[in-house]
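Colleague: Starting from these lines, generate the structure:
(chains A, B, C and D)
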2 protein chains.
Amino acid sequence: MARSNPPFMSGVPELLLLRLLAQREMYGYELVKAIRQVTDEAIRLGEGVIYPVLHGLERDGALEARRKPVDGRTRVYYSLTHKGSQRLDRLQDEWQRVQGGISAVLEGGRA
Amino acid sequence: MARSNPPFMSGVPELLLLRLLAQREMYGYELVKAIRQVTDEAIRLGEGVIYPVLHGLERDGALEARRKPVDGRTRVYYSLTHKGSQRLDRLQDEWQRVQGGISAVLEGGRA
DNA sequence: TTGACATACCTAGTAGCGCAAGGTATGTTC
DNA sequence: GAACATACCTTGCGCTACTAGGTATGTCAA
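Modeller: Down below sits the predicted model:
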């Protein structure tokens, strides 16, 4: 059944990843920690969340992966494509709308 | 499996309902429209979302229901209990944390 | 008068997201 | 050589929010 409403609170992990990767290329494990740090532990997304999202975004052409060996370990660095950048813009707009709506309710907008 | 993390973007419909009902008692159908209006159509929760949540909150003792016939129709007005008020406070705090975390990422907090 | 639309309640069934849990492998520290 | 950090990954499940439908009354126009 075609989802019409952006269902309606989801896609936030995706938004966070896209936004972080818009600043600089990063690898999965690094992203997991970055999200905790930047959000001051308010948001703690595990690897079980991050990796599948990264793979999905890569499959959709929103991200590009680049394998890079570092100290005998392999890291997979992701960076935004043009498509990913557009997606980020869209998600960010949606988030602003939703978050603004919630604020309006919380601030006691007259019903 | 015990959910530890507030999973982590959910409960928003619940938050909105509790907050609106903290202002004055309202009935389901009215809440559906109120959410659209106050959020300027940014958030559109259907009756299929609202009613189950209302029933759940009532079952948990967070809401009190009061049937009231109006113009031949029956309306079910809901109002906050003390428990509901506490729940609202808690959810509101959680939301502030999460929303603050997301803002930090979007505003380009250094990772 | 019947058809469409608004009001007002409700439930069943499902999609899919985010999660916990686990699995692999290397490097490091004690 | 055990424990821990790094770094990747997948399976399977719970649960929320959603779509889609159903019931019934009132109103208004054609």
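
Colleague: ok, is the lengthiest helix in chain A in contact with chain B or not?
Modeller: In chain A, assigned by DSSP state H, the helix with the most residues is helix A:82-106. Yes - judged by C-beta under 8 Å from any C-beta of the partner chain, helix A:82-106 and chain B are in contact via A:92, A:95, A:97-102, A:104-106. Yep, even glycine has a C-beta here, placed from its N, CA and C like the rest.

Colleague: buried set for that helix?
Modeller: Residues of helix A:82-106 classed as buried under the neighbour-count rule (16 or more other C-beta atoms under 10 Å in any protein chain shown) are A:84, A:87-88, A:91, A:95, A:97-99, A:101-102, A:104-106.

Colleague: cool, and stretch A:39-56?
Modeller: Neighbour counts over stretch A:39-56 (16+ other C-beta under 10 Å) mark A:39, A:42-43, A:45, A:49-50, A:53-54 as buried.

Colleague: Quick check: strands, which of those residues are part of them?
Modeller: In strands, defined here by DSSP state E, there are no members of these.

Colleague: near DNA strand C, from those residues?
Modeller: Among the buried residues of stretch A:39-56, the residues that sit close to DNA strand C (C-beta under 7 Å from any atom of the strand) are A:45, A:49, A:53.

Colleague: I'd like those as TSV, with pLDDT and distance to DNA strand D appended.
Modeller: Output for these, formatted as TSV (pLDDT from 0 to 100; distance: C-beta to the nearest atom of the strand, whole Å):
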residue	pLDDT	distance to DNA strand D
A:L45	95	12
A:V49	96	8
A:V53	97	10
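
Colleague: those helices in chain A, which residues are they?
Modeller: Using DSSP H, helices in chain A cover A:12-23, A:28-38, A:47-59, A:82-106.

Colleague: Export these as CSV, with columns for distance to B:A22.
Modeller: What follows is the helices of chain A, written out as CSV (distance: least, C-beta to C-beta, whole Å):
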stretch, distance to B:A22
helix A:12-23, 25
helix A:28-38, 32
helix A:47-59, 32
helix A:82-106, 10
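
Colleague: looking at those, which is closest to B:R67?
Modeller: helix A:82-106 (25.7 Å; C-beta to C-beta).

Colleague: does DNA strand C sit close to the closest one?
Modeller: No - Helix A:82-106 lies out of reach of DNA strand C by C-beta under 7 Å from any atom of the strand, never closer than 10.7 Å.

Colleague: What are the contacting residues of that helix?
Modeller: A:6, A:8-9, A:11-12, A:14-15, A:18-19, A:21-22, A:57, A:60-63, A:80, B:12, B:15-16, B:19-20, B:35, B:38-40, B:42-43, B:92, B:95, B:99, B:102, B:106 (C-beta atoms under 8 Å, 6 or more residues apart in numbering or on different chains).
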